[in-house]
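# With the input below, show me the fold.
(one chain, ligands or ions: 3)
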Amino acid sequence: MPQFLTTADPGFEAAFTALLGLKREDAPDVDDAVAAIIADVRARGDAAVIELTAKFDRLDLTPATLAFTPAEIEAECARVSPEDRAALELAAERIRAYHARQLPEDAQWQDEHGATLGWRWTPVSAAGLYVPGGLASYPSSVLMNAVPARVAGVERLVICCPTPGGVVNPLVLLAARIAGVDTVYRIGGAQAIAALAYGTQTIAPVDKITGPGNAYVAAAKRRVFGRVGIDMIAGPSEILVIADAQNDPDWIALDLLSQAEHDESAQSILITDDAAFGRAVAAAVDKRLETLERRAIAAASWRDNGAVIVTRDLDEAAQLSNRVAPEHLELCVADPEALATRITHAGAIFLGGWTPEAIGDYVGGPNHVLPTARSARFSSGLSVMDFVKRTTLAKMTPGALAAIGPAAERLAISESLQAHGLSVRARLDRLNDGGER
Ligand SMILES: NC(=O)c1ccc[n+]([C@@H]2O[C@H](COP(=O)([O-])OP(=O)(O)OC[C@H]3O[C@@H](n4cnc5c(N)ncnc54)[C@H](O)[C@@H]3O)[C@@H](O)[C@H]2O)c1
Ligand SMILES: N[C@H](CO)Cc1c[nH]c[nH+]1
Ligand SMILES: [Zn+2]
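Ligands and ions are numbered 1, 2, ... in the order given. Here you go, the predicted model:
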């Protein structure tokens, strides 16, 4: 059973703290296994990747079959129905239009001394996009990773997406083609992350790795960070719904289950100011679980990590939500915009009862790769900004150097960094000797 909590109860704070502290990450020995996998791929390259893929994905590959061939991609794309193709194309265009607005601008100006200052943005040269493929496959995650990278101007885009037992989702390959991905490797897990970070005889290394994955993928991304950039550690999915009694309990139940069905470690929480409505939603969840396709996963998530919390009012609901810092936050209340002004930490906010979180997963436009496990307190969802970096620009004139150089020299001396100071002093002396102004 999910937890039923009431803020008016004396024991609420302890129970809520315990709810936030639920360990939803996987087995602690994952990191040891991942360290060994990364070391093996670094040492043996393709051979290690091929052996691990056979072991974990029941798929026998060769160096020549690590990547899908153009003919294979063509054949798989031809299997996609016109309706599914249209849905992917609609999603891709909306995601592209939304992320195009995120492109940052270069800047350049002269200050009062005549110095030219500024910055410019450049994309990473190569990005490796991880698309989960173990428990389910996610064409939508292809778009959510590849489209922002293309908008950012990344030159080389590759995808790693496991195909356990050789089962391919043609929509993953069509999504990759629509988004302009150059190469799709049919590998997954930590071995894929290691191959992207360090390269193998067949797989060229990249500069940035993005995309969600299971505990092995997350542990591998943590370990290769520094060798390559990573976006974040996008863990098991979460949703928090703040809803008043004016909602249809079945709608709210389905929204909660939409994230619970991702993973037994997912977390779905309802906060409401009406106890009877909270009970009605819980009953609607149980009813839906009787027939849901992924009911085994969703029921375990709801039972182990789910909660219904009754608050005194919606302000209290907002305060609690900020402590959860949920990946997804739905505001199903009369005035969602007003309540949203009280929200300080959330990966994505969905305003009003007509905005189910699933819209954000697929076609709304915003990215669905979002911070989990309270990391929305300090991090953001995947965006164009994950694929660009900023270079600063500075140009002194002799006059500008004369104006600010002495201060630099004094600070260099204060830090006992003599060459720093002398590199400025030599130029100032030239100026003092009548050199170029
Ligand atoms: N935050 C997001 O945007 C988002 C989107 C989609 C999915 N997800 C989450 O991503 C996760 C996907 O997990 P998944 O397992 O389905 O796919 P996955 O692709 O992340 O992991 C599957 C890979 O794990 C490796 N693996 C499996 N068992 C292993 C073991 N015992 N030792 C070493 N490696 C092993 C295999 O190589 C396999 O290819 C889920 O938790 C899902 O909720 C998150
Ligand atoms: N809600 C997931 C992120 O937590 C993203 C997703 C992909 N497909 C369906 N949903
Ligand atoms: Zn989802």
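
# What separation do you get for Arg222 and ligand 1?
14 Å (Cβ to the nearest ligand atom, to the nearest Å). Using the backbone N, CA and C atoms, a C-beta is placed for each residue, glycine as well.

# What count of nearby residues applies to that residue?
Arg222 has 14 neighbours, counted by other Cβ atoms under 10 Å.

# Same check on Val324?
Other residues lying near Val324 total 23 when counted by other Cβ under 10 Å.

# Kindly provide the distance from the nearest residue to it once chain neighbours are set aside to ligand 2.
Leaving out its chain neighbours, the residue that sits closest to Val324 by Cβ to Cβ, 6 or more residues apart in numbering is Leu240, at 5.5 Å. Distance of Leu240 to ligand 2, given as Cβ to the nearest ligand atom: 12 Å.

# What residues does Leu240 make contact with?
268-271, 321, 324, 326, 328-330, 346 (Cβ atoms under 8 Å, 6 or more residues apart in numbering).

# So which of those are in helices?
Counted as lying in helices by DSSP state H, out of the contacts of Leu240, are 321, 324.

# Which members of the contacts of Leu240 are positioned in strands?
Judged by DSSP state E, the contacts of Leu240 include 268-271, 328-330 as members of strands.

# any chance of these in a markdown table, with neighbour count and pLDDT too?
Shown next, in a markdown table, are the ones in strands among the contacts of Leu240 (neighbours: other Cβ atoms under 10 Å; pLDDT from 0 to 100):
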| residue | neighbour count | pLDDT |
| --- | --- | --- |
| Ser268 | 30 | 98 |
| Ile269 | 26 | 98 |
| Leu270 | 29 | 98 |
| Ile271 | 24 | 98 |
| His328 | 26 | 98 |
| Leu329 | 29 | 98 |
| Glu330 | 29 | 98 |
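
# Go through the residues you listed and name the one nearest ligand 1.
Here the nearest of the ones in strands among the contacts of Leu240 to ligand 1, counting by Cβ to the nearest ligand atom, is His328; it sits at 9.7 Å.

# Enumerate every residue touching the closest one.
237-240, 259, 346-348, 350, 357, 360, 370.

# any idea which of those residues has the most stuff around it?
Glu238 leads these on contacts (other Cβ under 10 Å) with 30 neighbours.

# Identify the bridge partners of Gln267.
Per DSSP bridges, the residues bridged to Gln267 are Glu238.

# ok, now Thr391?
Arg120.

# okay, it: pLDDT?
In this model, Thr391 is scored at 98, pLDDT.

# That one: how many residues sit nearby?
Quick note: Thr391 (other Cβ under 10 Å) scores 10 neighbours.

# Who are the contact partners of whatever residue of the stretch 1-150 of the chain ends up closest to ligand 1?
The stretch 1-150 of the chain approaches ligand 1 most closely through Gly134 (2.8 Å), counting by Cβ to the nearest ligand atom. The contact partners of Gly134, taken as Cβ under 8 Å, 6+ apart, are 162, 164, 188-189, 214.
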